[in-house]
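Asks: my questions are about this predicted structure, shown below with the sequence.
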Amino acid sequence: MKRKYSKNRSGFTLLEVIIVLVIMGIVTAVGVPKLFTGIDSAKSRSVLSETVVFLRKARMDALANSATVKVTVNFESRTFSSSSGDEFEIPEELGISLRSEKDYLFAEAEESAFTFFPNGMASAGKIIVSRGDASYAIIFLDPLSGLANYTMNFED
């Protein structure tokens, strides 16, 4: 018996499959590093948000209890602790430094502090949070309102 082969065969040639696999490999090689950069940026944003929430809670404690609340930043242990008993730790992959309202660097000291007053005001200052790739964010503490906010230039 003879088989009849149709001239209109369907399917892919080996060459077409190899070309598609090479293209997929190139796309993966380019996309995966961007994915990890995005994850690092999301982690950094999360730490910044948690730090701002910590500072705002210290302000609310000062207002609610009509008492001064001091937030101490310890550079060695990488922690923020408030006189109301709360504590927050910065991950090791992020660097921190503090600057005064006039941009004086406090990094020489082992620790520094911010003060929140019962009237809602606070001592002014900036917290600089940096990553190893030279990107950074600044957390501002407004002296009149006592509110903390941040701006960032972490690369996405």
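Replies: Done, it's in.
Asks: quick one: distance of stretch 17-33 to the chain centre.
Replies: 30 Å (Cα atoms, centre = their mean, to the nearest Å).
Asks: part of a strand, is Ser81?
Replies: Yes - assessed with DSSP: H, G, I helix; E, B strand; the rest coil, Ser81 lies in a strand.
Asks: quick check: closest non-adjacent residue to it.
Replies: Glu87 (4.5 Å; Cβ to Cβ, 6 or more residues apart in numbering). Any C-beta I mention is one placed from the backbone N, CA and C, and that applies to glycine too.
Asks: and for Val129?
Replies: Ala137 (4.8 Å).
Asks: low-confidence ranges in the protein?
Replies: Within the chain, the stretches with pLDDT under 70 are 1-9, 31-40, 100-110, 133-135, 153-156.
Asks: center of this protein, which residue is that?
Replies: Residue closest to the average C-alpha location in the chain (Cα atoms, centre = their mean): Ser44, at 1.5 Å.
Asks: could you look up the SS state of that residue?
Replies: Per three-state DSSP, Ser44 ends up helix.
Asks: this structure: strands as residue ranges?
Replies: 69-74, 79-82, 87-89, 95-99, 111-116, 125-130, 136-141, 148-152 (DSSP state E).
Asks: of all these, which one is nearest Ile26?
Replies: The minimum distance between Ile26 and the strands of the chain falls on strand 148-152, with 31.3 Å, by Cβ to Cβ.
Asks: just checking, what packs against that closest one?
Replies: Secondary-structure packing of strand 148-152 (3 or more Cβ pairs under 8 Å, 6 or more residues apart in numbering; DSSP states H and E): helix 14-65, strand 136-141.
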